[in-house]
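# For reference, the sequence and a predicted model appear below.
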Amino acid sequence: MQPETIRSVPELRRDVAAWRGKGLSVGMVPTMGALHRGHEALVQAAKAQSDRVLVTLFVNPAQFAPNEDFAAYPRDEEADLEKLAKLGVDALFAPSVEEMYPRGFDTTISVGGPSQGVEGEFRPHFFAGVATVVAKLLIAGLPDRAFFGEKDFQQLLVVKKLVRDLALPTEIVGCPTVREMDGLALSSRNAYLSKEERARAPKLYAMLRALSGRLRRSATPGVDLDEAKRALGRTGFSVEYLEARNAETFATVADWKNEPLRLLVAARLGKTRLIDNIAI
């Protein structure tokens, strides 16, 4: 059965209230659509931990800079609905831009801590846009749990801090990155890759795996990172960042031997920006 499609916040609150009136728990999966197996894994995790599953579909203009791909970002709500129906999703919240950002909207949420550096340096507008829209979605639906992929690891930490700092009554659940057979992390933007670029793209994950195995025991981890950047450049990637951070606080690394660490990369291949990360 196809999920109910909800367009407004009052409708969303009405449906969630009806579920809660029956004593049912609610899981939310925020997406920008163009759904793939990574999103499906989030839905499956939500179904396993919730009585009702709500997927949101909103291409959020606030997290795109003027020179980024907001207009070109893939959109196919009909195809997304078909996938959600097969997964047994209960409702889809697909608001318009005007519903989420009505005329006169003038509020932005800025999250410190894990938003600093790495993705925040190369896309300084990004996390304020993410934090604002996620806060609006969570306040509108008040789910028991919301599910986010670890592929956007820094974003996951930002959302967790947002919820903690604002005391929002939602548990944020991180789910493992879903990959193609050759290791490429699933992303809606993979559709931008040419055939030749798609064949080359898995080298990004292969580099992460090889490098993560060396950094803990390396006497010169900074040198290893620089060498890996140059190696990626020789294979056609334009590297924006390749960096390790504390996996819990996102602080810069002070102790390479004992801290919980995450290795993160962003690189362009042709016109496509790829990001990935791996635990060290």
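Yep, it's here. Numbering: from 1, shown residues only.
# switch to C-alpha atoms for all contacts and neighbour counts from now on
Will do.
# ok, which stretches of the protein are strands?
4-6, 26-31, 52-57, 91-93, 145-149, 171-175, 238-246, 261-269, 272-279 (DSSP state E).
# tell me the domain boundaries of the chain?
4-175, 188-279 (automatic domain parsing).
# Ok, which of those domains comes nearest residue 182?
domain 188-279 (6.2 Å; Cα to Cα).
# can I get the domains of the chain in CSV with mean neighbour count and distance to residue 181?
Shown next, in CSV, are the domains of the chain (neighbours: other Cα atoms under 10 Å; distance: least, Cα to Cα, whole Å):
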stretch, mean neighbour count, distance to residue 181
domain 4-175, 18, 12
domain 188-279, 17, 10
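# mind putting those in JSON lines, mean pLDDT included?
Formatted as JSON lines, the domains of the chain follow (pLDDT from 0 to 100):
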{"stretch": "domain 4-175", "mean pLDDT": "97"}
{"stretch": "domain 188-279", "mean pLDDT": "97"}
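# quick revisit: how about the strands of the chain in JSON lines, adding distance to residue 75?
Putting the strands of the chain into JSON lines (distance: least, Cα to Cα, whole Å) gives the following:
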{"stretch": "strand 4-6", "distance to residue 75": "16"}
{"stretch": "strand 26-31", "distance to residue 75": "11"}
{"stretch": "strand 52-57", "distance to residue 75": "10"}
{"stretch": "strand 91-93", "distance to residue 75": "15"}
{"stretch": "strand 145-149", "distance to residue 75": "20"}
{"stretch": "strand 171-175", "distance to residue 75": "23"}
{"stretch": "strand 238-246", "distance to residue 75": "27"}
{"stretch": "strand 261-269", "distance to residue 75": "22"}
{"stretch": "strand 272-279", "distance to residue 75": "17"}
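# what's the closest of these to residue 77?
Residue 77 lies closest, by Cα to Cα, to one member of these: strand 52-57, at 8.3 Å.
# what's in contact with stretch 139-147?
9, 12-13, 16, 25-30, 42-43, 45-46, 50, 168-175 (Cα atoms under 8 Å, 6 or more residues apart in numbering).
# So what would you say the end-to-end distance of it is?
15 Å (Cα to Cα, to the nearest Å).
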